[in-house]
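1. Quick one, fold the following:
(one chain, ligands or ions: 1)
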Amino acid sequence: MTSIDQLYCKTLDQNDPLAALREEFNLPAGMIYLDGNSLGAQPKVAFQRAQQVIQEEWGNDLIKSWNKAGWFDLPSRLGNLLAPLIGADADEVVITDSTSINLFKAIAAVLNIQSKKADANTRKVIVTERSNFPTDIYMAEGLTQWLDRGYRLHLIDSAEELSKAINQDTALVMLTHVNYRSGALHDMAAVTAMAHAHGALCLWDLAHSAGAVEVNLQQANADFAVGCCYKYLNGGPGAPAFIWVPKRHQADFHHPLTGWWGHAAPFAMLPSFTVTPDIRRALCGTQPIVSLAMIESGLQVFAKTSMASVRQKSLALTDLFIQLVETRCAQHQLELVTPREHAQRGSHVSFTHQHAYAVIQALIERGVVGDYREPGIMRFGFTPLYTSYTDVWIAVEILRDILDSRSYNTNIQRNAVT
Ligand SMILES: *Cc1c(COP(=O)(O)O)cnc(C)c1O
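-> Numbering: from 1, shown residues only. Modelled structure (predicted):
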């Protein structure tokens, strides 16, 4: 095996077909940013786009921009730009609302579909993982409690339990494709097939997948999907999220947030709701246009490459990081949480350490930005569009130095946002 040193990483960078895309982003000098899985970096063109929206579209054209600048169609137009990254067809995705709210709409739609079936009285269970991102569980909890129709959550503790948990009582299997904490990746096609075999529907959260791993919703025969635009898609802080409803389910997609943007004739201003037949039925009300408009800048970068290339580099970066941490920090009791198998790994890597929070804070102070997640996990996101192999080398060297010299403060106060 080639011995890995900084020079070797530099060679990898020189041969990296995605290397030039780093120039598309504003990255602060001296920072190694390994948190693009939480908030993506800023595409350089976002600044001009923001100026255009604020100065021309809002400042000059005011209300005319709903037509002239295409504000009204923005959720669908951006959804169509995103579609190829997740294996969706045109007119199946809209960018709107938050992931939490889109989960609410999708869960409600599934329960409504299932309530029309002959076995509705017994098909009452939502299967999900205890380790799912909290909001996914909370939204399901909130909706089912509020409905008060006997729906209940079944929280499983590992992917292996899925085959036992999914049965004729399952209404919905709701999973996050790549686990936010461990980075473990589900086999979307296999799990979806298992759900369908028992008459259940499958809702996928792609928050840590879109722009990070290859996703093919159509090929996997998935039922519904939601996801974030401010993580790997680099859409900006608080950017609206997306929701995917395939053509085959659009006629049956009904949710209770029947706002005027989902109306068949929104400007007829009718006193009663009639749902639009197309994907716009997933919309609710007026969108934060300034924030929504930023998403295009992130999507434009993806148009310059392919998800296959992104995935290839992602695996190379995460492989390198795991190998370097395990060799160069070998004596420091770091425990890998993320699966080693490529087929089971997303684009971030997590290690546990006794002083994980303190070590992450020390890393951040030295310009290596990762983050901390309970319990005791240091999480590092690898974003192939702007992370280099040399970044990985330097990050591990700084980590090694912090651990070797114990230069972290175990009494450090927790920030409100970890
Ligand atoms: C980041 C993330 C969310 C975020 O939801 P918001 O409504 O945008 O706060 C939801 N689900 C998962 C799995 C996530 O990783």
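2. Residue 35 in helix, strand or coil?
-> coil (DSSP: H, G, I helix; E, B strand; the rest coil).
3. so what's the backbone phi/psi at the closest residue to it other than its chain neighbours?
-> Of all residues not flanking residue 35 in the chain, residue 369 sits nearest, at 4.9 Å (Cβ to Cβ, 6 or more residues apart in numbering). Bear in mind the C-beta positions are built from the backbone N, C-alpha and C, glycine included. Per-residue torsions, residue 369: phi -100, psi 110 (degrees, to the nearest 10).
4. Could you tell me how many residues sit around residue 369?
-> 20 (other Cβ atoms under 10 Å).
5. That one bridge partners, please.
-> Note on residue 369: beta-bridge partners by DSSP bridges are residue 33.
6. how about stretch 25-34: buried residues?
-> Residues of stretch 25-34 classed as buried: 25, 27, 32-34 (neighbour count, 16 or more other Cβ atoms under 10 Å).
7. one step back: what sits against the residue nearest to residue 35?
-> Residue 369 is in contact with 31-35, 363, counting by Cβ atoms under 8 Å, 6 or more residues apart in numbering.
8. cool, residue 208 as well?
-> When contacts are counted by Cβ under 8 Å, 6+ apart, residue 208 touches 37, 176-180, 183, 231-232, 346-348.
9. and what of residue 95?
-> Applying Cβ under 8 Å, 6+ apart, the residues near residue 95 are 74-75, 78-79, 82, 229, 240-242, 292, 295.
10. Select the longest helix from this protein.
-> Counting residues, the longest helix found in the chain (DSSP state H) is helix 307-328.
11. Give me the helices and strands touching it, please.
-> When contacts are defined as 3 or more Cβ pairs under 8 Å, 6 or more residues apart in numbering; DSSP states H and E, helix 307-328 packs onto helix 6-14, strand 335-336, strand 348-352, helix 389-404.
12. ok, now with 7 Å
-> Counting contacts by 3 or more Cβ pairs under 7 Å, 6 or more residues apart in numbering; DSSP states H and E, helix 307-328 packs against strand 348-352, helix 389-404.
13. nearest to the ligand, of those?
-> Closest approach to the ligand among the helices and strands packed on helix 307-328 is made by strand 348-352 (10.6 Å; Cβ to the nearest ligand atom).
14. do that closest one and the ligand meet at all?
-> No. Residues of strand 348-352 contacting the ligand under Cβ under 6 Å from any ligand atom: none, with a closest distance of 10.6 Å.
15. Show residues contacting that strand.
-> Strand 348-352 is contacted by residues 37, 181-183, 318, 321-322, 325, 334-338, 376-382 when judged by Cβ atoms under 7 Å, 6 or more residues apart in numbering.
16. Quick check, residue 131 in contact with residue 183.
-> No. Using Cβ atoms under 7 Å as the test, residue 131 is too far from residue 183 to be in contact (11.4 Å).
17. Which one's more surrounded, those two?
-> Ranked by neighbour count (other Cβ under 10 Å), residue 131 and residue 183 place residue 183 first, with 26 against 18.
18. Which residue, other than its chain neighbours, is closest to residue 407?
-> Residue nearest to residue 407 in three dimensions, not counting chain neighbours: residue 362, with 6.1 Å by Cβ to Cβ, 6+ apart.
19. three-state assignment of that neighbour?
-> helix.
20. pLDDT wise, what is it at?
-> In this model, residue 362 is scored at 98, pLDDT.
21. next one: residue 417
-> pLDDT, read off for residue 417, is 85.
22. burial count for it?
-> Counted with other Cβ under 10 Å, residues neighbouring residue 417 total 6.
23. host element of it?
-> Counting by DSSP states H and E, no helix or strand carries residue 417.
24. How about the contacts made by it?
-> For residue 417, the contact set (Cβ under 7 Å, 6+ apart) is empty.
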